[in-house]
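K.L.:
The sequence and its predicted three-dimensional model are supplied below.
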Amino acid sequence: MKLSIFEPMNSFGRHIILTSYGESHGKAVGSVLDGFPAGFEVDISFIQQQLDRRKPGQSNLTSPRKESDQVDIQSGIFDGKTTGAPIHFQLLNMDAKPQDYDHLKEVFRPSHADYTYHAKYGVRDHRGGGRSSARVTAGWVAGGALVQDYLHKNHNISISSYVSQIGNVLMDSTDKKFTLPQIDASLVRCPNNEVSDLMIQAVEQAKLSKDSLGGVITCVISGIKPGVGNPVFGKLNALLAHAIMSINATKGFEIGGGFNMASKKGSEVNDNFTNKGGIIRTQSNFSGGTQGGISNGMDIVFRVAFKPTATIGIEQNTLNTSQDEIVIEAAGRHDPCVVPRAVPIVESMAALVIGDLII
């Protein structure tokens, strides 16, 4: 697939292509997945499970917006199996309240995409951010979940993400793999019970203070054979970074030892090879499962940093569309911390990258 500056910016992938559509308070959001193999038996329950993990209104720690996010697959499936045709996932917006944003029609909210969308297009959808809202990621999760299920069943590749930090509360070890029950037993999707409780307290305090918190999600991908990825500009880690940094509110990506390796010596972080029964592995995994942009057979381990939610109830200085200085105090429905709901989004985007490379 030839890339150019005219490539549409609402599509992702080269062989398996996900095209996203919809706005936060429009009629619907969704996606179209093209290039997916025919003959795969679709597990609607897994797709719905991932959507349920992403949807708002899960607890008092998330936005109170109530969306069932029941996925409607409108094409590409016959008798429960994929046909090779484009697969259309649609999710209706059932609890949209566009009138709640009327007071923001002429306002550029701090750290939102209001100003930048206006600067680029000369027009913007002020209803909850419109196209720039994380609401549109529901369609990404629907398509990505199908690919994630395919990778697990047909290639024995598993993708698992969890919250390893919220605010200044973090887990000691952030490169282990945990099971779904371990992760989802926590309201904030942190598999360490003691740390989870501290994270919940931190989010509750931020909410009480009309403020917000950011955090970190760790993702572990297991089962990838050596040799996946391409040299130079098609590096596996680079493609993952592109996908993950396309998620709303992301501000940092690191793989393996990441930024911590900058303060180490080569003797401390080089991954020595071993051969056990003809299986080549490394003794450590500071490389995060890739070397030269190609998988080495170890787990792919990366972390992504999310900024605090931009919408807060504290007074802030900003500008309106007439460039007048004003003060706003945001009201409405928003998450005091977006990180727990982003876990399935991270998994879905990682699945789309891996699927695009090996299917």
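P.N.:
That came through, no problem.
K.L.:
only C-alpha atoms for contact and neighbour calcs from this point on.
P.N.:
Fine.
K.L.:
low pLDDT regions in the stretch 51-200 of the chain?
P.N.:
Low-confidence segments of the stretch 51-200 of the chain (pLDDT under 70): 65, 96, 98, 100.
K.L.:
in it, which spans are strands?
P.N.:
72-75, 77-78, 81-82, 87-92, 107-108, 158-166, 169-170 (DSSP state E, counting those that start in this stretch).
K.L.:
So for Ala305, which of the ones you listed sits nearest?
P.N.:
Closest approach to Ala305 among these (Cα to Cα): strand 158-166, 8.9 Å.
K.L.:
Span of stretch 83-99 from start to end?
P.N.:
41 Å (Cα to Cα, to the nearest Å).
K.L.:
Let me know the distance separating the residue lying farthest from the centre of the chain from Ser212.
P.N.:
Computed with Cα atoms, centre = their mean, the maximum C-alpha offset from the centroid of the chain is found at Gly277, amounting to 37.4 Å. As judged by Cα to Cα, Gly277 and Ser212 stand 51 Å apart.
K.L.:
pretty sure Ile314 is in a helix, no?
P.N.:
No: under DSSP: H, G, I helix; E, B strand; the rest coil, Ile314 falls outside any helix and is assigned coil.
K.L.:
residues near it, how many?
P.N.:
Ile314 has 13 neighbours, counted by other Cα atoms under 10 Å.
K.L.:
which residues does it contact?
P.N.:
Contact analysis of Ile314 by Cα atoms under 8 Å, 6 or more residues apart in numbering lists Lys210, Asp211, Glu329, Ala330.
K.L.:
how about 7 Å then?
P.N.:
Counting by Cα atoms under 7 Å, 6 or more residues apart in numbering, Ile314 touches Lys210, Asp211, Glu329.
K.L.:
got it, and Lys176?
P.N.:
With Cα under 7 Å, 6+ apart, Lys176 has no contacts at all.
K.L.:
how far away is it from Asn285?
P.N.:
Lys176 is 11 Å from Asn285, where distance means Cα to Cα.
K.L.:
Who are the contact partners of Gly144?
P.N.:
Gly144 neighbours (Cα under 7 Å, 6+ apart): Ser348, Met349, Ala351, Leu352.
K.L.:
make it 6 Å
P.N.:
Shown in contact with Gly144 (Cα atoms under 6 Å, 6 or more residues apart in numbering): Ser348, Ala351, Leu352.
K.L.:
excluding its backbone neighbours, what's nearest the last one?
P.N.:
Pointing back at Leu352 there. Nearest residue to Leu352, sequence neighbours excluded (Cα to Cα, 6 or more residues apart in numbering): Gly144, at 5.6 Å.
K.L.:
Next: the first one.
P.N.:
Of all residues beyond its chain neighbours, the one nearest Ser348 is Gly144 (4.1 Å), with distances taken as Cα to Cα, 6+ apart.
K.L.:
that older thread, just the buried ones out of the contacts of Ile314, please.
P.N.:
Taking 16 or more other Cα atoms under 10 Å as the criterion, what is buried in the contacts of Ile314 is Lys210, Asp211.
K.L.:
Can you flag which of the contacts of Ile314 belong to strands?
P.N.:
The strands, defined by DSSP state E, take in nothing from these.
K.L.:
Looking at the contacts of Ile314, spot the one nearest Leu51.
P.N.:
Nearest to Leu51 among the contacts of Ile314, counting by Cα to Cα, is Asp211 at 26.3 Å.
K.L.:
Please tell me I have it right and the closest one contacts Ile312.
P.N.:
Yes: if you go by Cα atoms under 6 Å, Asp211 and Ile312 touch, sitting 5.2 Å apart.
K.L.:
In the stretch 201-350 of the chain, mark out all the helices, start to finish.
P.N.:
Counting by DSSP state H, counting those that start in this stretch, the stretch 201-350 of the chain has helices at residues 236-244, 266-269, 339-358.
K.L.:
Run through who's touching stretch 272-280.
P.N.:
Arg281, Thr282, Gln283.
K.L.:
Please report the number of neighbouring residues for the closest residue to Phe306 other than its chain neighbours.
P.N.:
Residue nearest to Phe306 in three dimensions, not counting chain neighbours: Thr250, with 4.4 Å by Cα to Cα, 6+ apart. When neighbours are counted by other Cα under 10 Å, Thr250 registers 19.
K.L.:
Show the contacting residues for Ala28.
P.N.:
Contacts for Ala28 (Cα under 6 Å, 6+ apart) come out as Gly22, Leu91, Leu92, Asn93.
K.L.:
How much space separates it from Ile255?
P.N.:
35 Å.
K.L.:
swap in Ala262?
P.N.:
Ala262 is 13 Å from Ile255, where distance means Cα to Cα.
K.L.:
With neighbour numbers in mind, choose between those two.
P.N.:
Ile255 (22 against 10).
K.L.:
residues near His112, how many?
P.N.:
A total of 16 residues lie near His112 under the criterion other Cα under 10 Å.
K.L.:
and the gap between it and Ala249?
P.N.:
The spacing between His112 and Ala249, counted by Cα to Cα, is 9 Å.
K.L.:
try Ile326
P.N.:
As judged by Cα to Cα, Ile326 and Ala249 stand 24 Å apart.
K.L.:
Between those two, point out the one with more neighbours.
P.N.:
The residue with more neighbours, out of Ile326 and Ala249, is Ala249; 21 against 12, by other Cα under 10 Å.
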